[in-house]
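>>> Sequence first, then the predicted structure:
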Amino acid sequence: MVVLYMKQEYVSKQEKILVKDEYGKDLYLITGKWGRVGDRISLYSMDGSLLIEVKQTVLSLLPKFDIYIQGKKYGSITKHRNLAGLYFKVTPLNWLVTGDFYNHYYTAYCKEQLIMELNKAYTSAGDYYTLFVPEIQHAPLCLCIALIVDNLTLTRLPELKKKKTSRAIQLI
């Protein structure tokens, strides 16, 4: 199992993100922008090799992101809704990402096999996303999924609530 850390402040600001292991060693660098059609996330190993690119292809309430590995389309990440709430699918891997997105806890499973688990860690050095990945080969894709899920479920929620509240006050 590999344990990875991303500083929440950098994720929220969409800055360059250094991903560290449990010993503080830099493992990956993530660059790019996300949130609009055509935006992309690029994940590099520390030797500079491009491992994964994720491009947003659909901008809607249920957006879609295409995954590219070595320049070839590998799959897609899509957001879905049902009566129980939000969830994400990663195809063709048949991964299902569910959980309590608003409280920074979710998991990805393929059938009954755990692919990843993400939660938030509060430390004296700041707030971090902690990602547990049982199989290290899944780590790069899991990092990209975590960034997409964070952007689509967390970064816009507080702003929407504030805007609705301020509009309601103005109407009174």
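Received, thanks.
>>> what's the host helix or strand of Leu152 in contact with?
Element membership for Leu152, per DSSP states H and E: helix 139-153. Residues from elsewhere that reach helix 139-153 (CB atoms under 8 Å, 6 or more residues apart in numbering): 2, 4, 6, 11-12, 17, 19, 27-28, 30, 34-35, 41, 43, 51-52, 54, 63, 65, 67, 77, 79, 86, 88, 90, 95, 97, 101-102, 106, 108, 115-116, 118, 129, 131, 133. Every C-beta, even on glycine, is put in place using the N, C-alpha and C of the backbone.
>>> mind running it again at 7 Å?
2, 4, 11, 19, 28, 30, 34-35, 41, 43, 51-52, 54, 63, 65, 67, 77, 79, 86, 88, 90, 97, 101-102, 106, 108, 115-116, 118, 129, 131, 133 (CB atoms under 7 Å, 6 or more residues apart in numbering).
>>> Can you list which of these are found in strands?
If you go by DSSP state E, those have 2, 4, 19, 28, 30, 41, 43, 51-52, 54, 65, 67, 77, 79, 86, 88, 90, 97, 106, 108, 115-116, 118, 129, 131, 133 in strands.
>>> which of the contacts of helix 139-153 count as buried?
2, 4, 11, 19, 28, 30, 34, 41, 43, 51-52, 54, 63, 65, 67, 77, 79, 86, 88, 90, 97, 101, 106, 108, 115-116, 118, 129, 131, 133 (16 or more other CB atoms under 10 Å).
>>> related to what we said a few turns ago, what about the helix holding Leu152, distance to the chain center?
Taking CA atoms, centre = their mean, to the nearest Å, one finds helix 139-153 lying 1 Å from the centre of the chain it belongs to.
>>> Let me see the mean pLDDT of that helix.
Taken as a whole, helix 139-153 carries a mean pLDDT of 89.
>>> Report the inter-axis angle for it versus strand 85-91.
With axes from the mean of the first three to the mean of the last three CA atoms, to 10 degrees defining the directions, helix 139-153 sits at 150 degrees from strand 85-91.
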